[in-house]
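starting from these lines, generate the structure:
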Amino acid sequence: MENKALINTSGIINNTKTDPNKILPMRYMWARQHYISGVANNWTPEEVSMQKDVEQWKEPKFLTDDERRMIYWNLGFFATAESLTANNLVLAVYRHVTNPECRQFLLRQAYEEAVHTDTFIYCCDTLGLDPEYIYNMYLTIPSINDKDRFVISLTESIFDPNFEVKDLVTLRKFVHDLIGYYVIMEGIFFYAGFAMMLALKRQNKMVGIGEQFEYIMRDESIHLAFGCDLINQIKAENPALWTQEFQDELVDLIKKAVALESRYALDACPRGLLGISTQQFVNYVEYVADRRLQRIDLPKVYNKENPFPWMSQSTDLSKEKNFFESRVTEYRTGGSLEW
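Residues are numbered from 1 along each chain as shown. A predicted model of the protein is given here:
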């Protein structure tokens, strides 16, 4: 009977009294703040110069075989992962989150996912990479395929067009899938790749791609923060949801995700990079996972120190500094556009 208990229908999801088109007055100011943060980080891939990257990529001896493999693996995973995240937002999450300021953020996030997808198109075109090879790696590389299949399995409930959040059973499925999407996909599965690409950038290699990964990581940090706030808000409005059994299930889910991401790190960079061992990438994934667990009030599992304290500098990077150190891009204000 407990599982059939009614859920809060006056809160952040499936609120029958909410007009999704009426954004004022706002109820959840944290959603508005995440939207403002996203706008402040606005960027497009064409802002970043790729000239040095092209020269380095074409020079056979500048990058090692391991470095080239690592770049391919990360482009291959991210290229399709961004489409998976966009599909989750547009086809599933948006339908159930009826609060207007949250929907405003979700629309902003969907745009950012499109920018991320465009980034990999830009990288492939600029470096002359074979798009068939890059975009089929999720089928041909087992460690990439396993991550994608895992995320798809985590979000299959809310992709059902007949799925409705109406009681504790369906609410748990919804939160389970939100954690699969935001905490695992956005908060864990991207971070070994971020660390690898930014470690390469610190060696002054493929700095253009590295800069774009920095921008993507800052976007993802905001997405993650929004997702965790959304999950925590649902918990606060439906305290019966958060049973010990459900918490244990979620911890096990995140442990499986860490195992998959660790395998991917070992596969993408089997011999490490200059001064960085593969195990350090694994340790970083475990450190990140603990932070994600704590963010949604679950206990730490791994208790690892951060092996890459410089990663936080990339998240806090000043866009203006990055912008003027690369190249000047022509901007037009709305008043100067030709319609």
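
show me the helices in the stretch 1-150 of the chain, by range?
29-40, 51-58, 65-88, 94-96, 100-127, 131-135, 137-140, 142-154 (DSSP state H, counting those that start in this stretch).

low-confidence ranges, the stretch 51-200 of the chain, go.
The stretch 51-200 of the chain contains no residues with pLDDT under 70.

how about R295, phi and psi?
phi -60, psi -30 (degrees, to the nearest 10).

what's the neighbour count on it?
Around R295 sit 18 other residues, with neighbours defined as other CB atoms under 10 Å. Glycine gets a C-beta too; all of them are placed from N, C-alpha and C.

OK, contacts around M50?
122-123, 126-127, 208-209 (CB atoms under 8 Å, 6 or more residues apart in numbering).

most neighbours among the residues you listed, which one?
That'd be I209 among these, by other CB under 10 Å, with 27 neighbours.

if we can go back for a sec, how about JSON lines for the contacts of M50, with distance to L63 added?
What follows is the contacts of M50, written out as JSON lines (distance: CB to CB, whole Å):
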{"residue": "Y122", "distance to L63": "19"}
{"residue": "C123", "distance to L63": "15"}
{"residue": "T126", "distance to L63": "15"}
{"residue": "L127", "distance to L63": "11"}
{"residue": "G208", "distance to L63": "14"}
{"residue": "I209", "distance to L63": "12"}
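
so which of the helices of the stretch 1-150 of the chain gets nearest P309?
Ranking the helices of the stretch 1-150 of the chain by their distance to P309 (criterion: CB to CB) puts helix 65-88 first, at 21.3 Å.

packing partners of that closest one?
On a contact count with 3 or more CB pairs under 8 Å, 6 or more residues apart in numbering; DSSP states H and E, helix 65-88 meets helix 100-127, helix 131-135, helix 137-140, helix 142-154, helix 191-202, helix 244-268.

most tightly surrounded among those helices?
helix 191-202 (a mean of 23; mean count of other CB atoms under 10 Å).

neighbouring contacts of that one?
Residues contacting helix 191-202 (CB under 8 Å, 6+ apart): 67, 70-71, 73-74, 77-78, 206-207, 209-211, 213-214, 216-217, 261-262, 264-265, 268-269, 273, 276, 281-282, 284-285, 288, 308, 310-311, 314.

drop anything exposed from these.
67, 70-71, 73-74, 77-78, 206-207, 209-211, 213-214, 216-217, 261-262, 264-265, 268-269, 273, 276, 281-282, 284-285, 288, 308, 311, 314 (16 or more other CB atoms under 10 Å).

which of the contacts of M50 sits closest to N136?
Nearest to N136 among the contacts of M50 is C123, at 16.1 Å by CB to CB.

how close does the closest one sit to F281?
Counting by CB to CB, to the nearest Å, the gap between C123 and F281 amounts to 21 Å.

for N232, which of the helices of the stretch 1-150 of the chain is the nearest?
Of all the helices of the stretch 1-150 of the chain, helix 29-40 comes closest under CB to CB, at 9.5 Å.

tell me the SS of L298?
Applying DSSP: H, G, I helix; E, B strand; the rest coil to L298 yields a three-state assignment of coil.

how many neighbours does it have?
As a measure of burial, L298 has 18 neighbours, counting by other CB under 10 Å.

show me the residues around the most centrally placed residue in the chain that make contact.
Geometric centre of the chain, nearest residue: E186, 2.7 Å, by CA atoms, centre = their mean. Applying CB under 8 Å, 6+ apart to E186 gives the contacts 85, 220, 223-224, 227.

for Y182, same thing?
For Y182, counting by CB under 8 Å, 6+ apart, the contacting residues are 223-224, 226-228, 230-231.

look over the contacts of E186 and name the one with the lowest pLDDT score.
On pLDDT alone, T85 ranks lowest of the contacts of E186, at 81.

which non-adjacent residue is nearest that one?
E113 (5.4 Å; CB to CB, 6 or more residues apart in numbering).

again, but for N41
That would be R218: by CB to CB, 6+ apart, it lies 5.3 Å from N41.

so that neighbour sits against N42, correct?
No: at 10.8 Å, R218 does not count as touching N42 under the criterion of CB atoms under 8 Å.

more neighbours: the two, which one.
R218 (21 against 14).

and that one, helix, strand or coil?
helix.

give me the pLDDT for it.
95.

and N322, by the same measure?
Confidence score, pLDDT, at N322: 46.

and if you look at the one 3 residues further on?
In the prediction, the pLDDT value recorded for E325 is 46.

swap in the one 10 residues further on?
At G335, the pLDDT value in this model is 39.

ok, F159 touching V93?
No: between F159 and V93 there is no contact under CB under 8 Å: 10.3 Å.
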